[in-house]
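Student: Sequence and predicted structure, then a few things I'm wondering about:
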Amino acid sequence: MKNLHENSAVAFPDLVLAAATAFSTAANTVDLTQYNEVLIVLQLNQAGAGTGAVTLKQSSLSDGSDEKALAFTEYWKNESEVVTSVLETVTASTLTTAGPTTGANTYLFRVRAEMLDADNGFRFVRLDLAGLADNTAAALIYIPYAATVARGADDMPEALN
């Protein structure tokens, strides 16, 4: 088995450090043409009131101008202020973030290429998060993996658009 770094790419397209009221990822999509899966990691530290609504999007164009919702049925979360590394599996098709009462929260989504509407040319994916409260620190990490063609760590295909 290859090492993870020899079978994946990592992209940090969006980082909001303070006073976030929206987390726009509209310009950043991940191309799954050369990958079978992408793990999307969302890290939030919500200090202000309110929650955020998470939506997964898919599109056939890299700029996302023809995007539509990407259905999911489960995700993983840790809303324990990161006092444990244990993730809880959640069977759901929507996610509203926990809000400030839990502090630091981590959410993971696994998107497989076959989840996309490939018949209509949809190959790009992104996470959208709206409604964050002021003073929310957030980071979004895409980890495309399982390349469709065997490569080495120095030769992984570009995934971020």
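Tutor: That came in fine, so what should we check first?

Student: Phi, psi for Thr91 please.
Tutor: Note on Thr91: its backbone torsions stand at phi -90, psi 110 [degrees, to the nearest 10].

Student: Now do the same contact list for the residue nearest to it when sequence neighbours are not counted.
Tutor: In this structure, Thr91 finds its nearest non-sequential neighbour in Glu74, 5.1 Å apart by C-beta to C-beta, 6 or more residues apart in numbering. The way it works is simple: take the backbone N, C-alpha and C, and place the C-beta from them, glycine included. Applying C-beta atoms under 8 Å, 6 or more residues apart in numbering to Glu74 gives the contacts Thr89, Val90, Thr91, Ala92.

Student: same thing with Thr73?
Tutor: Contact analysis of Thr73 by C-beta under 8 Å, 6+ apart lists Thr91, Ala92, Ser93.

Student: go on, Thr84?
Tutor: By C-beta under 8 Å, 6+ apart, Thr84 lies in contact with Asn78.

Student: Next, it: secondary structure please.
Tutor: At Thr84, secondary structure determined by DSSP: H, G, I helix; E, B strand; the rest coil is coil.

Student: on that earlier part again, present the contacts of Glu74 as JSON lines; the columns should include secondary structure.
Tutor: What follows is these, written out as JSON lines (three-state DSSP):
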{"residue": "Thr89", "secondary structure": "strand"}
{"residue": "Val90", "secondary structure": "strand"}
{"residue": "Thr91", "secondary structure": "strand"}
{"residue": "Ala92", "secondary structure": "coil"}
